[in-house]
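Enquirer: give the three-dimensional model of this entry:
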Amino acid sequence: MTPALAVAARNTKNVVEGEDMTDDELEQEIQNLGEAIDKLAKAEGPLTKQEKRRRHILPLKKDILQRMQQAREKKDRNQELKCSMDYALLEEFGERHPILLHLARIKLRGHIL
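Expert: Purely as a prediction, here's the structure:
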């Protein structure tokens, strides 16, 4: 198993075992992502290749966290776990591996895009 897959598996295991974000951490992360999105939108000059990737990843992360928050409010543990796993995979592979980003977008198309 590659190190990246091992980290993703560990993150997914933590989610399943209930070591997920608290409500405060979730709200803070959504707020941080919103600020990062605004910062990239207001950037002067051309964006670097990495910034362009982040510009695509950050809204996906924010949408996943918002869906997770809605699932918590509805007490839908299955949807919350699915969102947690999607977020863990996107967090681990999204910015570093553009091909995996593309596959994640295909997988999440029905929910986000």
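Enquirer: in the protein, which helix or strand is least confident?
Expert: helix 3-16 (a mean of 48; mean pLDDT, DSSP states H and E).
Enquirer: show me what contacts the residue most central in space within the chain?
Expert: Taking CA atoms, centre = their mean, the centroid of the chain lies closest to Lys61, which sits 3.1 Å from it. By CB atoms under 8 Å, 6 or more residues apart in numbering, the residues touching Lys61 are 33, 87, 90-91, 94. Backbone N, C-alpha and C define where each C-beta goes, glycine included.
Enquirer: likewise Ile30?
Expert: Here Ile30 is in contact with 62, 65-66, 69 (CB under 8 Å, 6+ apart).
Enquirer: one more: Arg55?
Expert: Under the criterion of CB under 8 Å, 6+ apart, the neighbours of Arg55 are 37, 40-41, 47.
Enquirer: between those residues, which sits nearest Cys83?
Expert: Closest approach to Cys83 among those (CB to CB): Ile37, at 18.5 Å.
Enquirer: you'd agree the closest one is up against Leu58?
Expert: Yes. Using CB atoms under 8 Å, Ile37 makes contact with Leu58 at a distance of 4.9 Å.
Enquirer: those two: which is more packed in?
Expert: Set Ile37 next to Leu58 and count neighbours by other CB atoms under 10 Å: Leu58 wins out with 22 against 16.
Enquirer: okay, and that one sits in which element?
Expert: Applying DSSP states H and E as the criterion places Leu58 in helix 49-73.
Enquirer: just the buried residues of that helix, please?
Expert: Buried residues in helix 49-73, defined by neighbour count with 16 or more other CB atoms under 10 Å: 53-54, 57-58, 60-65, 67-69, 71-72.
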